[in-house]
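Peer 1: Whatever this is, show me its structure:
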Amino acid sequence: MKTLRHAVKKFKEFSVDPNVDFKTTFTTSRYTDQMDNKVKNLYRRTLEKFLYHIENASATIEAEEYADDRAFLTHLVYLIQLDYFSEYASISKTNVKLIKRALAISFIESQLHLKLFTVLQSVIEQESLGKVNFNLKVILLNVYTSFTDGSEEFAYEMSTLKDFIDFIVNMFKDVNAKALKPINTDQKSGEVSMAMGVFYNCLLHENSKEVIKEKFDVLDLMQPFTASKVGIVILLATFSMALVADESQSNKFSSNRAGVSYAILSLKQALGLESLGNNDGWTAYELAKGIGRLAVNDGNKQLLVDNGAIEPLYKLSLSDDDEEASEACEALWNLAFKVELRKDILAVGGLKESMERLSKSDRPCQKPAQGLLWLLQQGEGKEMNVPLSTIKSGKKKNDDTVFNKLIDTDTQNLAGSKTRKGHIMISYQWGNQPLIKEIKSGLAKRGYNVWLDIEKMNGSTLEAMAEAVEQSQVILVCMSPKYKQSANCRMEAEYTLNCKKEFIPLIMTKNYKPDGWLGFMLGAKLFFDFSGKYDIGKKFEELLKEIGERGKSSLQIQPSLDLVQEVNAPQTTATPPSESVKSWGKSEINTWIEENNLSYIRKLKVLTGKKLDALKRLHKEAPEYFYQMIKNEFGIASLDSIADFMEAFAKI
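Peer 2: I've put the predicted structure just below:
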């Protein structure tokens, strides 16, 4: 084996591709802020052990002693197997994922991933390997597989690292897929599947996927492997293609049904509904995510249903794991956009009732469950005849929800005027939010009333979206590949057409040409390119001319007010938060919780007077971060819980 000096020489040549915009800011707080105190404590203890293994692995490489070193293998294995403590058995899968994603940031900061790549290159270059060094190759690939799967930051880091993706692709691109043998009998099959796994995992994350698509024709690269006899290779090829295929390329799947059929059978096996006689190591969540991506393209929907996708997706929607349930509901929601399939979905016993329960929950699957219910309510009719605002989250129309407070204020002629009811709605996908906020701000400064759903801050419901569409004068539809793939965005867009609302298309991605349902919506309409291909300031001025007076208020009111912020805006006051709040003890906190009927929000029990005082100041100085904080720290995400908490919060 080549020495570390060879590896170090390569290590010094590494660089992030200068042509790639490194968009992601890596910070562990993105994940630790979502942990409660128990999970944070477990994370800190795990991090200590994790860093210990990183330091020892790095020291072994520095000493040029990794060849045939079993202790080195042990340190690498412990980077993957994070269940160092018994407490892992008692926390949710979601929290385990949060811990792993936070640890991935520390992995990147240590730069061990760079050093391990040089070791992997050296190992692969050897014509013959002893048992220990063969195991080293397998474990190195497993390290990259594990962390590119669990962390979008890690996947982006590896995708933009010079030569890494090319090296991974070279491990499988020229292999005869049909000649591959079962993994447990063939080392080459194992190596190919692991390399394909790293490639697929990087495609799972939008930022790294865009980097890869610029370098490779993923469809041509993966198509031959759908004819393999090795199950895991079939799945990796099929799902990789699904992540990049557009509507016009659906024939790639209809002409090769084996991959789709095997994916659904694998999901059934993962749920215990069927047995294939083997286990490829795919979790139900991973399989549902792949099947869900296949379901985005209308050309695949019938194929999926014909192969029995509905029943296992419904079973997974009953999972207590939020990510599993969300993926299943999202996939069913996407399938239901094809009118002819709604009868098949409704035919599954218990499905409609389960979706009704989930639609009234505070879980992430609430919105896809609501969306699915609404589509099913349309039945097999060709048009969307049922108003979307009839789909509720368990409240009557006149209940005192946050959004209905807003609508009541709006329709009661704010300050004696009827002009506030008409606004500009911006329909967009979350990935474009930074630019969308700038557009919104520019419109607001010019006197327009703008409705912008900060969905990840307060988890607004489909009812709120429906009201926003119905009361708008014009809608800006911000088109991108992610927008087209989002069931929620499709719901907004199709409801816009159903309500016969005027809309203006904005293109948010360079050289993007919408296809499928979004291409149909765009048609021959004039669009405005905000992708950065042209001067955005100039395009904004052109957009203003197109909007004209629509959505403008005749009142001299604060121009930057949007509907979400209007309801929840901090109350300005000449006096600072009361010092008495800061001095509250456990007794006062418990009294405040009980008197205001907040006991159902269990996480509030960790509040102290000092924390309440900090929240008061945060509410005044940084309201958007305030709402994100109460969601992450206390689970206050539904409209009802926000309204209850804010009513009590205003009293202190």
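
Peer 1: pLDDT-wise, which helix or strand of the protein ranks last?
Peer 2: helix 402-411 (a mean of 31; mean pLDDT, DSSP states H and E).

Peer 1: what lines up beside the next helix or strand after that one in the sheet?
Peer 2: Remark: after helix 402-411, the chain's next helix or strand is strand 423-427, criterion DSSP states H and E. Strand 423-427 has its sheet partners listed here by DSSP bridges as strand 450-452 (parallel), strand 472-479 (parallel).

Peer 1: Skip the chain neighbours and tell me the closest residue to His283.
Peer 2: To be clear, residue 283 is Thr; His isn't right here. Distances taken as CB to CB, 6 or more residues apart in numbering place Ala270 nearest to Thr283, at 6.4 Å, with adjacent residues excluded. All C-beta spots, glycine's among them, are computed from the backbone N, C-alpha and C.

Peer 1: Pass me the low-pLDDT residue ranges in the stretch 551-652 of the chain, would you?
Peer 2: Within the stretch 551-652 of the chain, the segments meeting pLDDT under 70 span 553-579, 621-625, 639-640.

Peer 1: wait, isn't Glu502 in contact with Gly551?
Peer 2: No. Using CB atoms under 8 Å, Glu502 makes no contact with Gly551, being 10.4 Å away.

Peer 1: Flag whichever of the strands paired with strand 423-427 has the least confidence on average.
Peer 2: Ranked by mean pLDDT, the strands paired with strand 423-427 bottom out at strand 450-452, with a mean of 89.

Peer 1: So what touches that strand?
Peer 2: For strand 450-452, contacts defined as CB atoms under 8 Å, 6 or more residues apart in numbering pick out 423-426, 436-437, 440, 443-444, 468, 472, 551, 562-564.

Peer 1: Could you let me know which of those ends up closest to Asn37?
Peer 2: Taking CB to CB as the measure, Asn37 sits nearest to Val564 out of the contacts of strand 450-452, at 29.2 Å.

Peer 1: quick revisit: so which of the strands paired with strand 423-427 comes closest to Thr74?
Peer 2: strand 472-479 (49.7 Å).

Peer 1: Now do the closest one: distance to the chain's middle.
Peer 2: 23 Å (CA atoms, centre = their mean, to the nearest Å).

Peer 1: again with stretch 32-41
Peer 2: In this view, stretch 32-41 has its centroid 20 Å away from the chain centroid, taken as CA atoms, centre = their mean.

Peer 1: Okay, buried residues for that stretch please.
Peer 2: Going by neighbour count (16 or more other CB atoms under 10 Å), the buried part of stretch 32-41 is 32-36, 39-40.

Peer 1: taking those one by one, which sit in helices?
Peer 2: If you go by DSSP state H, the buried residues of stretch 32-41 have 32, 39-40 in helices.

Peer 1: Tabulate those residues in CSV, adding columns for distance to Phe540 and pLDDT.
Peer 2: Converted to CSV, those look like this (distance: CB to CB, whole Å; pLDDT from 0 to 100):
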residue, distance to Phe540, pLDDT
Thr32, 37, 91
Val39, 43, 93
Lys40, 43, 94
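
Peer 1: And these, which is closest to Tyr144?
Peer 2: Thr32 (23.8 Å).

Peer 1: Please tell me I have it right and the closest one contacts Ala102.
Peer 2: Yes. The pair Thr32 / Ala102 is scored as a contact, 5.6 Å apart, by CB under 8 Å.

Peer 1: Nearest residue to the middle of this protein?
Peer 2: His205 (8.6 Å; CA atoms, centre = their mean).
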